[in-house]
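A.B. asks: show me how the following folds:
(2 chains)
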Amino acid sequence: MKFTVDWLKNHLDTKFNNNQIIDKLTNIGLEVESFESPTSELDTFIVAKIINAKTHPNADRLKLCDVDIGSDKTIEVVCGAPNAKNGLLTVYAPPGSIIPKNQMKLSVSKIRGVTSYGMLCSESELLLSNESDGIIELKNNKYANKIGEKYFKNTSEKVIDLSITPNRPDCLGVRGIARDLSAAGAGKLKINKKSNLKYRGNQNINVTIKKEKAQGCTIFGSCLIRGVANKESPKWLKDKILSLGQKPISAIVDITNYVMFDLNRPLHAYDADKIDNEIIVRSSSKGESFEALDNKKYILENDMCVISDRSGVLGLGGIIGGTRSGTEYSTKNILLESAYFLPRSIRKTSKQLNIDTDAKFRFERGIDPLSIEEGLIKASELIKQICGGEISNLDVKKNENYKKTIINFDPFLFEKTTGFNVENNELIKILEKLGFNVSKNKKILKLAIPSWRPDITQPIDIVEEIVRIKGYEHINTSEPIKTRLKPTLNYYQKLFHFLQRSVASKGYLETVTWSFTDSKINQLFKENDEEIPIVNPISSDLNVLRNSIFPNLIFYLKKNLDRGFKDISLFEIGPSFKGKNPGDQLTVIGAVRAGKVSRLSWNDKERIVDTFDVKKDVIQSLYEAGINKDDIIIDDRSPSYYHPGKSGGVYQNKKEKNAIAYFGEIHPNIIKKLDIKTEGLVIFEICLDYIKDSKQKIKDSKSEYKFSDYQKSERDFAFIINKNFKSQELVNIIKSVDNKLIKSVRVFDVFEGENIPEGKKSIAVNVTIQSEEKTLNENDLDNINKLIISSVESNSGAKIRS
Amino acid sequence: MSDIKKIKDDYIDKVNTENNIEKVKNIKSELFGKNGIISNEFKKLGSISVEERKKLASDLNNIKDELQNKISIKIQEIETKEINLKLEKEKIDVTLPERNIEIGKIHPVSQVIDEISSIFSEIGFSVEEGPDVENEYNNFTALNTPDNHPARDMHDTFYLDNNKELLLRTHTSPVQVRTMLKGKPPFKIIAPGRTYRSDSDQTHAPMFHQVEGLHIDKNINMGHLKGCLNYFIKEFFEVDKIKMRFRPSHFPFTEPSAEVDIGYEIKNGKIVIGEGNKWLEILGCGMVHPNVLKNVNVNPSKYQGYAFGIGIDRLGMLKYGINDLRAFFETDYRWLSHFGFDPLDVPSNYRGLSR
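C.D. replies: Numbering: from 1, shown residues only, chains lettered A, B, ... in the order given. Got it, this is the predicted structure:
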């Protein structure tokens, strides 16, 4: 909402200066976006100095000038003026400027083979005089230190631009703003002068508001103005329209616009002679069409509120008029409309047709239904004053009568909500100045709500009005209440926190990527999940919700590889979507590691990252986050985007369907398809939701501290075993030989090939044996050794290597 | 006596001038071995008179001690010298680089979320979450923003179906609705998370982060709201004083509503929070609208309280001098390394919010 302070003062008697007004507006909830002069076409012309003028290489009469325009570099301009010389102060117009004399827009152009950036101007080109022989010569003493500044002073009045919240349609008119300011003590609202308009004749175009279920119009007021002479608006009116940031059109159109912004009362003027017999306000039928004043043809749906005559649709009520009945300079007789349209109907129609107009914006938020006559009178008076003509009696057709809203307000609610007290007298005064009608019933205030405030429907709205006008600075700053109702984080939130920092501590950079991704990449990772398209994506390559964290991670990994980074570890923790309903999502960590370990190391041998690097990262992170070591089982089942032979899953239970984590090499097909150039690429993921909540605090789950001081012995075994036999199972078989005596089993060598039969491998393990009751003698150890060997051989088909 | 004294003097000299450890050891056996010179002298003791024996024995013992001591010191000396020489040869260049250090980082958004959670935890708030996909009811209608409300235009919403029933939440406020629907008052929560609007330019990203706050109890008023936010802002920016301004505004789900500005100034091209005469809008808040409370089965005549919504990314940008919002989500390795935080930098009250 734009207006000038002058315009405001038409409605407000105030001693406040501009800055005080601006501050007050902000303090009462009318946010000031800006307060500045409207931009002018003349703003681009600046004071400049010719540093060096030399002859054009291809034309004797032209000069090449290096011009100082107040910036770091000089500009080269080709100039034909004989007076262009070194040191001359003049006026420079950059490309894009519009030259006042001929309204030509300047562009960068080549003049006789040399590029000229803009132009040096003569007085005649700037319409300052008829002097066109040379460029302007500015006086040194006045302009020498103004190089780079605007040559023309912007004299137009500063414009206040307010951002009005959707609950305040009344402030979409200058009078409403003045009323709010007056309530806040910034002056006195001027009383509207009583009109002494003389009416002649009747409004004899018949108006009917059809009684229909979907009828979007409840009141239609109108008058005829006969014998007008439409013309250009006078300067004061043009200035008002310009200050709104709009272009003046003709007196009649400008007046209806002016009244809309002045009183927040949209009006529409028809050329009465173009109306076919009568006005019918009705709901449209599908397929009807009309050409609107924005020069577009609209095809209507059912139940849109249209103003029509016998020939068809004239316009969309409260949204936009049609060209068929539009006013022109030749218009002689006007039908002026001032109506009330239902916000819901306006919103629906304008959404369906995708139209946004100033009138629509206002009706959608709610216009004062009692402003019909006021609008007609104000506009008619101005039209008569500017264009002449005779005004008919006002004709107001209604389908509904306006009912005043009454709210019973207990002033205690104010203190209860805001925490501070305002005396009843002051409170009543504020409300009355805002236009409320206040009567008292013991402690309760009976409030009649002003017709221009559709936003006020219940007592809490009254609290807001009072505190807003009184000022938010009166609200106390209470000490924060520190009472805690429950622990800050639950198990999964803590897990999130631990895992996030644990993974980062393994050398991974955390990133945050969009929750949506490119369906083409997503499909490589989505497994059996349904694709979840976004109906209105921001771009076609972010068109689905991600079914996995990897599509984006891999995409950005590639970008970083393309930037020349070779060894990259990235991870993200966030949602991955399993379906399109709320809650169909999992919290997942996805991590990628590319390149080499110990690259360019002077002391270690460099090698490509492999599955066991990420296996360590994932397992260690899980341990650090509190997952019990003994609860973890590794299996070779993994999603299809992993290398089928070099990946695995981490399970908390053998029967569990869902792994809590996966790790391994990414499938080579994906690397190929996405054209990722790296020596090695391994990934892991952890699904937080699948981790079981142990429901035990550490203080309850710590077991008794037991240790043995008896001597421990270590024994090494090597078995020849089937190539596909899992080492984890071998370890389990050995452990189960004697859970008490066997303290640990470590695989320290795996070997295939020479001396090992085809399809077999050799696994060497180191077993630590220790009793809690005695020092084991050779005999005991021999027995245990024999048991281990026989148990492994019978349970795994392995043979001890001799 | 003079004999043995001479022996002593000779051998002391010998040991003194000898630098080979083997030769010193030979001297030792020459003196104290089975037929060693000193050993033999001891053997002679049996054949002399008691008087002389006493004296000679004492002298011999003294000489023996002196020589033995001398020899062991010498051996030690030579050994030390040899070890030092050996170690000197083993010297390595310690300025050669250590094994590769892999430094991981926490994203600024995560760090700021942890900072915020830590601050609100201090004053008794717990953390709630809600889904990224929401239904139209929780995101709008329950929050007193019915279908025909112009406030809906302020949110450019991503939809997942043509009926506009399913959407990506445009703010974290639906978590208020979920929290209140599943529990009983009082409520005291914050809800950080991802939010989405189909808006994309230098200062807007289609995804960003908000933290919602909600405190509902019997007598929570706007003074508490002001106190809570004043505390938060001061703690977050780690300043003693903060210039803060509450300005009336409008959100359908709060009444009265406010926007909060903080004072700032530009010093040496950097933004300084808390001082100065410029205002920066950082959050929206207000008293939860009675209609919202009714929608979630909380009796507004018994319970009342405040809610607020803060842009997390923007707070992070202000605090850590990050200029470009879009860069948060572009996964540039250099940016992540530069603006990321050490994983051990866990914001906490006792150790400080940030280093």
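
A.B. asks: can you give me the helices in the stretch 51-200 of chain A?
C.D. replies: Along the stretch 51-200 of chain A, the segments classed as helices by DSSP state H, counting those that start in this stretch run A:140-143, A:174-183.

A.B. asks: which stretches of chain B have low pLDDT?
C.D. replies: B:1-2, B:151, B:153-154 (pLDDT under 70).

A.B. asks: list the contacts of B:Leu31.
C.D. replies: Contacts for B:Leu31 (Cβ atoms under 8 Å, 6 or more residues apart in numbering or on different chains) come out as B:Tyr11, B:Ile37, B:Ile38, B:Ser39, B:Leu67, B:Ile71. C-beta coordinates here come from the backbone N, C-alpha and C atoms, glycine included.

A.B. asks: which of the helices or strands spans it?
C.D. replies: helix B:21-32 (DSSP states H and E).

A.B. asks: show residues contacting whichever helix or strand comes after that helix.
C.D. replies: Per DSSP H and E, the first helix or strand lying C-terminal to helix B:21-32 is helix B:37-44. Outside helix B:37-44, the residues that touch it by Cβ under 8 Å, 6+ apart are B:Ile4, B:Ile7, B:Glu30, B:Leu31, B:Phe32, B:Gly33, B:Leu60, B:Ile63, B:Lys64, B:Leu67.

A.B. asks: chain center to helix B:37-44: distance?
C.D. replies: 75 Å (Cα atoms, centre = their mean, to the nearest Å).

A.B. asks: which positions within that helix qualify as buried?
C.D. replies: B:Ile38, B:Glu41 (16 or more other Cβ atoms under 10 Å in any protein chain shown).

A.B. asks: quick one, it and helix B:21-32 angle?
C.D. replies: Angle, helix B:37-44 to helix B:21-32, by axes from the mean of the first three to the mean of the last three Cα atoms, to 10 degrees: 10 degrees.

A.B. asks: just to revisit the earlier point, and the helices of the stretch 51-200 of chain A as JSON lines, adding mean neighbour count and distance to B:Asn20?
C.D. replies: JSON lines is the format used below for the helices of the stretch 51-200 of chain A (neighbours: other Cβ atoms under 10 Å in any protein chain shown; distance: least, Cβ to Cβ, whole Å):
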{"stretch": "helix A:140-143", "mean neighbour count": "12", "distance to B:Asn20": "99"}
{"stretch": "helix A:174-183", "mean neighbour count": "24", "distance to B:Asn20": "108"}
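
A.B. asks: what residues are up against A:Ile538?
C.D. replies: A:Phe516, B:Phe158, B:Ser198, B:Ser200, B:Pro206.

A.B. asks: pick the one among the contacts of B:Leu31 closest to B:Pro174.
C.D. replies: Of all the contacts of B:Leu31, B:Ile71 has the smallest distance to B:Pro174: 90.6 Å, by Cβ to Cβ.

A.B. asks: in which helix or strand would I find A:Ile280?
C.D. replies: Assigned by DSSP H and E, A:Ile280 falls in strand A:278-283.

A.B. asks: in the very next helix or strand once past that strand, which residues are buried?
C.D. replies: The helix or strand immediately downstream of strand A:278-283 is strand A:289-291, counting by DSSP H and E. Neighbour counts using 16+ other Cβ under 10 Å place A:Phe290 of strand A:289-291 among the buried residues.
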